[in-house]
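Asks: Can you look at this prediction? I've put the sequence above it.
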Number of protein chains: 4
Amino acid sequence: MTLRNGKEFLMIPGPTNVPEEVLRAMHRPAVDIYEGPLLETTGFCLHGLQRLFRTEGKTYIYAANGHGAWDAALCNTLKRGDKVLVLESGRFALGWGEAANVLDLDIEVLPGAWDKGVDPAHLQERLKQDTAHEIKAILVVQVDTASGVWNDIAALRKAIDAASHPALFMVDTIASLGCMPFEMDAWGVDVALTGSQKGLMCPPGLSFVAAGPKADLAHETAELRTNYTDWTFRQGPEHYQKYCGTPPEHLLFAFHKALDLIFEEGLEKTWHRHALLGEATRRAVTVWAEKGAVDFNITDAHARSNSVTVVRFNEGDVAALRTFTKEVCGVTIGGTIGELSGKGIRIAHMGHVNAVMLLGTLSSIELGFQKLGIPHGRGGVQAAMDYLAGAL
Amino acid sequence: MTLRNGKEFLMIPGPTNVPEEVLRAMHRPAVDIYEGPLLETTGFCLHGLQRLFRTEGKTYIYAANGHGAWDAALCNTLKRGDKVLVLESGRFALGWGEAANVLDLDIEVLPGAWDKGVDPAHLQERLKQDTAHEIKAILVVQVDTASGVWNDIAALRKAIDAASHPALFMVDTIASLGCMPFEMDAWGVDVALTGSQKGLMCPPGLSFVAAGPKADLAHETAELRTNYTDWTFRQGPEHYQKYCGTPPEHLLFAFHKALDLIFEEGLEKTWHRHALLGEATRRAVTVWAEKGAVDFNITDAHARSNSVTVVRFNEGDVAALRTFTKEVCGVTIGGTIGELSGKGIRIAHMGHVNAVMLLGTLSSIELGFQKLGIPHGRGGVQAAMDYLAGAL
Amino acid sequence: MTLRNGKEFLMIPGPTNVPEEVLRAMHRPAVDIYEGPLLETTGFCLHGLQRLFRTEGKTYIYAANGHGAWDAALCNTLKRGDKVLVLESGRFALGWGEAANVLDLDIEVLPGAWDKGVDPAHLQERLKQDTAHEIKAILVVQVDTASGVWNDIAALRKAIDAASHPALFMVDTIASLGCMPFEMDAWGVDVALTGSQKGLMCPPGLSFVAAGPKADLAHETAELRTNYTDWTFRQGPEHYQKYCGTPPEHLLFAFHKALDLIFEEGLEKTWHRHALLGEATRRAVTVWAEKGAVDFNITDAHARSNSVTVVRFNEGDVAALRTFTKEVCGVTIGGTIGELSGKGIRIAHMGHVNAVMLLGTLSSIELGFQKLGIPHGRGGVQAAMDYLAGAL
Amino acid sequence: MTLRNGKEFLMIPGPTNVPEEVLRAMHRPAVDIYEGPLLETTGFCLHGLQRLFRTEGKTYIYAANGHGAWDAALCNTLKRGDKVLVLESGRFALGWGEAANVLDLDIEVLPGAWDKGVDPAHLQERLKQDTAHEIKAILVVQVDTASGVWNDIAALRKAIDAASHPALFMVDTIASLGCMPFEMDAWGVDVALTGSQKGLMCPPGLSFVAAGPKADLAHETAELRTNYTDWTFRQGPEHYQKYCGTPPEHLLFAFHKALDLIFEEGLEKTWHRHALLGEATRRAVTVWAEKGAVDFNITDAHARSNSVTVVRFNEGDVAALRTFTKEVCGVTIGGTIGELSGKGIRIAHMGHVNAVMLLGTLSSIELGFQKLGIPHGRGGVQAAMDYLAGAL
């Protein structure tokens, strides 16, 4: 018997639930690209990105996904053969490193793990060894959706400073921007990038890059430029140059509306909403974990993301649980990927998510545990409610 | 602090959550009304109504709400001054009676209550007294959203038969069709009516009437006809006659799609989904009621609707609770109306509702109880989950 | 070979082209009917109707089509057996009379024709004969889409006044409101009504009635009331009473947006746009008519509507022409109805119509004449352009 | 006075009019990217691209605009320093060459002009001189929207063959695919690319590349690869690899629907529709040109595109004309760009365009000529109709 027919939600770490208003904003005819309201939209979005990234640096909009933004960050700032230090803490920083490798950059991975965040002391130590300053860029993700980790970007910056190292500090905020605090200028991030389809609540297909002064300087001598990603061209006077060609209009209409929604809520309040929903989720998981069958992937409680919680299964049929929540209850939760593939679930609480959605999702999971006989501590949803009753 | 920003939904007893597919079906240009695809749509909808009402009788589509359908049922079958027996069990049958009164019909109310269903024995007794058969029609609602009652239509029919009474048996299924079993022909209902905006998951603005052979016969000598509601005209050969004028095209596109969704799920399965969601809700309410502050409005457990549950508050701030679930959690639950106005809540579980929505809603309510200090038995959501784990 | 694949539009006299913005306004979840933004929408729409009708009288919104509004106007003001004078000038006033007949009103038709407007002198003469003032209401349409006629409502009012006759003056503006000047209060109209789907650019399913002081007075002793149409109930304090039941929310969202568009353009400018498009159409038809095969249905040039032009065919295959414009060119033009059925076309230029649509439509028709060998004066589109070049 | 309020069209050479069905296809929630219906969509789109390009080669979908596809074609097949021959015939092949230059390719331009197509003999001659086969790739556009030229790709291929030259033949079909015949395999094209927003009727944001066997071979030793564009990675087994990251779901939903529409019409019929609309436009322009104030940009009648017609103004206020058609009539026509900037108009007849739209557009332009006193031969629209009457 299925109870699926109703509003289905997508509680996966991207793409996320697109607000009605955002979908509606895309449902309109195309417009002229040389004049008229699209030019205002471009201005609004570029400035809105500065507000999101908390920077006075330059911002760029790409018709591309996050992987496209990875390339854009690298191509615009580095030279062939430059050494790049990749801070491991899951899957995606490594993926960015692989992308760098394709560009003939020299990749070094600072070894990390899937169950914890990058250790600032470890970074500092490695940088101190690099007395010749061969490392030209440091790549890290703020949140890794594969592991569920949150990296402390401010702390990593301090480690770099403590080592007096001049490398560009590049941060992938794809799974965190609009969900957790990010302060590009205050934290000294040189290049930040993100995508449209997670905390920013838009359809996938846009990605964004912000560049600070040190990145601008590096850009002047960059040797990996491609026409499509080139910042210099995109700073040109013509409107189409901002996109190096035809602007992705409908996605821009969507992004404009999503920015409206975020700024209407207030960015700090958006962060706080994610903090409460994230903690409510963790309270439920903590209870469920009592029987030992399931547990947090991230062992360090401090390093758990407010945008996604990764739960490892020591026993129990993961696929059956995901099928149950989706086909019986009407909510899709994420499966784990990469080296955790098949070994757990990913509960996303990022973007357009409110209490009723989260509590319904947690209830569906706990119901699935019961129905499928997966050992779990009873009362996870109750714990989430207890927490929220106190925190709200 | 609000956790509202996400997919909001509407757990009120109409209008209900409109499926994405249904909204999308309306988002299209108008079409010709004299030829082309609209004619097929009309045929599909009229036949689909037969499948919904479970009848081989004639079906009619009105651009009107349910109150318009009330008039249509009366005007097409009765004469000025006819006596009509109204079976009280909440608010809406009385409302139908008031509508009859405006039409100069002679109204008699079979007294009932807001906390139970119509008593078949009581009806039988009254009909037996009417040896002159002055009563020409009996009006009843299958479900009353004001009280949350479900009336046993089959049992009422038996009572009429036991009294060998010839009155037309008219049933308002506005709050039940597509949610709970209804068998127009098998149960001997002469006129049934409903609206688009509850179990049928469409925007409001359409209502539907089905007429069996006895009603057709009565129609021949009806004296309250209006042009707009007249069945005879609507049976004419021209397409526009089916609607007595311009068809409400976009609402028909919506209704066509909603019928597709219902038949795709399977009507019996739709009923079963509502049965499970209704019972899960009742399990939660039963627990919450343990402290005496809140309770079911309907005392007879057998007479509680699967489409809406009305909960009376003996103490606690109803308005604060509804504001909390809406503005903090993102889900709108109904307030009570009529003589219960301000005294409780109405939790709708009708139409496009799945497990994740219901569990999220129940959790939001229980969270509200906690946050606002409204006395309640702890573990209502848990009880709902326990029930579903066993029933699914 | 077909050149159909592109934006198709509908140049029929209702339903008309629905603006993108209006469709988009409907594409949203249902909302609560007891509180929140819907109440503001109701207020805006009721007041907007006053601005459209140019009245300080009361306005009513019906979930119904125009035929429903006919009933509402009659039921709220008249008594059984009252005499009603129907001013013939095509099909629809007669239809309204037939509706009155169903309500047991006593109908008298002031004979007219399909090729001209109602003659004020003729009306005055008839009313003078009615010294006993048996006639209680006079029914007329401002524009009849079947014949294409425009009636001079101000002149008809003067005729009534000249006869010092107290009958209620009721005007159907379904095919004219928002297209041609209408001044309910200034012209002394007692009841005016219209529908959503023509000049008002909305999906069909809503109709509107406005009542002046004399109608209000008549309402007090009206004896044909039905619950659904009753003005007294609809003036009650509860929001749902404005609709006698569940408000047709999505259609109201649409109507709100359509009003926004009209008021943004400016009602007088909307009228002027229709005047120019109407005259451009007539210039084309005048040229086409030179060969005698086609001609205006309305012989009196003064009485041709700015919202629709009816063209009679003395020779030529009407069906083939309509098929050609629709299936080869992508534009649907109306066929004639009623006693003109099959004998001509109806070119609508009402509602959401601009110059490019009209010129494209006229070109498609003239192309059809050429392709199908229907005799016509060459240069109709050229004449339309010549006119517009001078008039703009 | 404006007659703008109605369905507005966009008759510019991209983005073009997006069909209602395509917009509607995007108006839906995001879906999972790892499993479910999106995988079928990907398969359908990749295969549909083969049908559009007429190839059995591999196809790739990029979240990017056409400039992104330029890079993809080059990066996947060439080595740093390779010589590339750019065939000039307007603006866009040169733009592609500039993109190649950014990638450190060695660019040589085969000089051409803005008013004619590439001369095959000229190409053959140059290639024969390249006895060392230093030229590794030849870049050309099938249609250049800046000049309005159509290049004869089959003839250019013959020229290459006649010179027995092994260079890769790369064709940009951004402004022609889905509008004019293109036969990738039959004509021996090695790499073809296009965008979503012109003949393919979708919102901008997607671009597509097809690669034949010779391109696949070159790919093996390509040295300009970037991670985001790399074909090898995109041929990997995981679904996300097809997009190198998150698929641009909503644009894919749109593209799927657009392919449905094209294949439903039939690709050859789509070409034929464009041929008729293109010639009708040219007939009008030919008449308008009689007074010498305006004329075709492309002097060689054989080389005029069926997707866009560029008209140069020798006198007359171009800006005023474009403002008139847009703000008075409701249709946006393109302005000229590049070295023709401000000197003429571009009338697009590509994608979702039917006869009524085109005739309305031509009428609006001719009306503008009249209104603004721009000298022109009278009867351009008439000539277009005369042509279509004979050709249909």
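Replies: Okay, I see it. Numbers count the residues shown, from 1 in each chain, chains lettered A, B, ... in the order given.

Asks: what helix or strand is A:Leu362 on?
Replies: helix A:355-372 (DSSP states H and E).

Asks: Briefly note if that helix comes near chain B.
Replies: Yes. Counting by CB under 8 Å from any CB of the partner chain, chain B is contacted by helix A:355-372 at A:355-364, A:366-367, A:370-371. No exception for glycine: its C-beta is placed from N, CA and C like everyone else's.

Asks: out of those, who's nearest chain D?
Replies: Lowest distance from chain D to the residues of helix A:355-372 next to chain B (CB to the nearest CB) belongs to A:Met357, with 12.5 Å.

Asks: Write out the residues of the stretch 151-300 of chain A neighbouring chain D.
Replies: A:195, A:197, A:203-206, A:225-228, A:230, A:243-251.

Asks: Keep only those of the residues you listed that are in helices.
Replies: A:Glu249, A:His250, A:Leu251 (DSSP state H).

Asks: Surely the first one and A:Ala30 touch.
Replies: Yes. Taking contacts as CB atoms under 8 Å, A:Glu249 lies within contact range of A:Ala30: 5.7 Å.

Asks: Need the residues touching each of these two.
Replies: Taking CB atoms under 8 Å, 6 or more residues apart in numbering or on different chains as the contact rule, A:Glu249 and A:Ala30 both touch D:Pro15, D:Pro203, D:Pro204.

Asks: A:Cys202: neighbour count?
Replies: Residues lying near A:Cys202 (other CB atoms under 10 Å in any protein chain shown) number 32.

Asks: A:Pro247 too?
Replies: By other CB under 10 Å, the residues close to A:Pro247 number 26.

Asks: OK, contacts around it?
Replies: A:Ile33, A:Leu38, A:Thr42, A:Ala63, A:His239, A:Tyr240, D:Asn65, D:Pro204.

Asks: which ones are touching the closest residue to the last one other than its chain neighbours?
Replies: This points to D:Pro204. Nearest non-adjacent residue to D:Pro204, counting by CB to CB, 6 or more residues apart in numbering or on different chains: D:Gln197, 3.8 Å away. Contacts for D:Gln197 were tallied using CB under 8 Å, 6+ apart; they are A:Ala30, A:Thr246, D:Gly14, D:Pro15, D:Thr16, D:Asn65, D:Pro203, D:Pro204, D:Gly205.

Asks: what does the model give A:Met1 for pLDDT?
Replies: Per-residue pLDDT puts A:Met1 at 87.

Asks: what about the residue in the stretch 1-150 of chain A that chain B sits nearest to, neighbour count?
Replies: Closest approach between the stretch 1-150 of chain A and chain B, counting by CB to the nearest CB: A:Gly6, at 3.0 Å. A:Gly6 has 26 neighbouring residues, counting by other CB under 10 Å.

Asks: Phi, psi for it please.
Replies: For A:Gly6, the backbone dihedrals (degrees, to the nearest 10) come out as phi -180, psi -170.

Asks: Spatially nearest residue to it, not counting backbone neighbours?
Replies: B:Asn354 (3.0 Å).

Asks: Could I get the contacting residues of the spatially closest residue to A:Asp161 that is not a sequence neighbour?
Replies: Excluding its sequence neighbours, the residue lying closest to A:Asp161 (CB to CB, 6+ apart) is A:Gly188, at 7.4 Å. Contact analysis of A:Gly188 by CB under 8 Å, 6+ apart lists A:Arg157, A:Ile160, A:Asp161, A:Phe169.

Asks: Now with 10 Å, please.
Replies: By CB atoms under 10 Å, 6 or more residues apart in numbering or on different chains, the residues touching A:Gly188 are A:Ile153, A:Ala154, A:Leu156, A:Arg157, A:Lys158, A:Ile160, A:Asp161, A:Phe169, A:Gly212, A:Lys214.

Asks: Same question for A:Ala289.
Replies: Contacts of A:Ala289 by CB under 10 Å, 6+ apart are A:Arg282, A:Asp295, A:Phe296, A:Val311, A:Arg312, A:Asn314, A:His376, A:Gly377, A:Gly380.

Asks: Is it in a helix, a strand, or coil?
Replies: Of the three states, A:Ala289 takes helix according to DSSP: H, G, I helix; E, B strand; the rest coil.

Asks: Tell me, how many residues neighbour the nearest residue to A:Asn314 once chain neighbours are set aside?
Replies: Using CB to CB, 6+ apart and skipping residues adjacent in sequence, the residue nearest A:Asn314 is A:Ala293, 5.5 Å away. For A:Ala293, the neighbour count with other CB under 10 Å is 17.

Asks: Over to A:Arg304?
Replies: Neighbourhood size, A:Arg304 [other CB under 10 Å]: 25.

Asks: Test my guess that A:Ile33 contacts A:Tyr240.
Replies: Yes. Using CB atoms under 10 Å, A:Ile33 is in contact with A:Tyr240, at 6.1 Å.

Asks: more crowded one of those two?
Replies: Legend: neighbour count by other CB under 10 Å for A:Ile33 and A:Tyr240, higher for A:Ile33 (22 against 17).

Asks: Give me the phi and psi angles of the more buried one.
Replies: According to degrees, to the nearest 10, A:Ile33 has phi -100, psi -10.

Asks: contacting residues for it?
Replies: Contacts for A:Ile33 were tallied using CB under 10 Å, 6+ apart; they are A:39, A:42, A:239-240, A:243, A:245-247, A:249, D:12, D:14-15, D:197, D:204, D:334.

Asks: Can you tell me which of the contacts of D:Gln197 is nearest chain C?
Replies: Taking CB to the nearest CB as the measure, D:Thr16 is the one of the contacts of D:Gln197 closest to chain C, at 9.9 Å.

Asks: what's around that closest one, how many residues?
Replies: Neighbours of D:Thr16 using other CB under 10 Å come to 29.

Asks: What distance do you get for the closest residue to it other than its chain neighbours to D:Gly195?
Replies: Computed as CB to CB, 6+ apart, the closest residue to D:Thr16 that is not its neighbour in sequence is D:Gly351, at 3.8 Å. For D:Gly351, the distance to D:Gly195 equals 11 Å [CB to CB, to the nearest Å].

Asks: hey, what's in contact with both of those two?
Replies: D:Gly14, D:Pro15, D:Cys202.

Asks: Give the helix, strand or coil label for the first one.
Replies: Looking back up the chat, that one is D:Gly14. coil.

Asks: ok, it touching D:Gly178?
Replies: No. Applying CB under 10 Å, one finds D:Gly14 not in contact with D:Gly178, separated by 11.9 Å.

Asks: Go ahead and build a ChimeraX selection from the buried members of the contacts of A:Ile33.
Replies: The following ChimeraX line selects those of the contacts of A:Ile33 that are buried, judged by 16 or more other CB atoms under 10 Å in any protein chain shown:
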select /A:42,239,240,243,245,246,247,249 /D:12,14,15,197,204,334
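
Asks: these two touch, right, A:Asp82 and A:Asn101?
Replies: No. In this structure, A:Asp82 is not within contact of A:Asn101 by CB under 10 Å, at 11.8 Å.

Asks: Now do the shared contacts for those two.
Replies: Common neighbours of A:Asp82 and A:Asn101 (CB under 10 Å, 6+ apart) are A:Ile107.

Asks: circling back to that earlier point, so which bits of the helix holding A:Leu362 are buried?
Replies: For helix A:355-372, the neighbour count (16+ other CB under 10 Å) marks A:355-371 as buried.

Asks: returning to what we had before: now, the residues of the stretch 151-300 of chain A next to chain D that are in strands?
Replies: Within those, residues falling in strands by DSSP state E are A:Gly195, A:Leu206.
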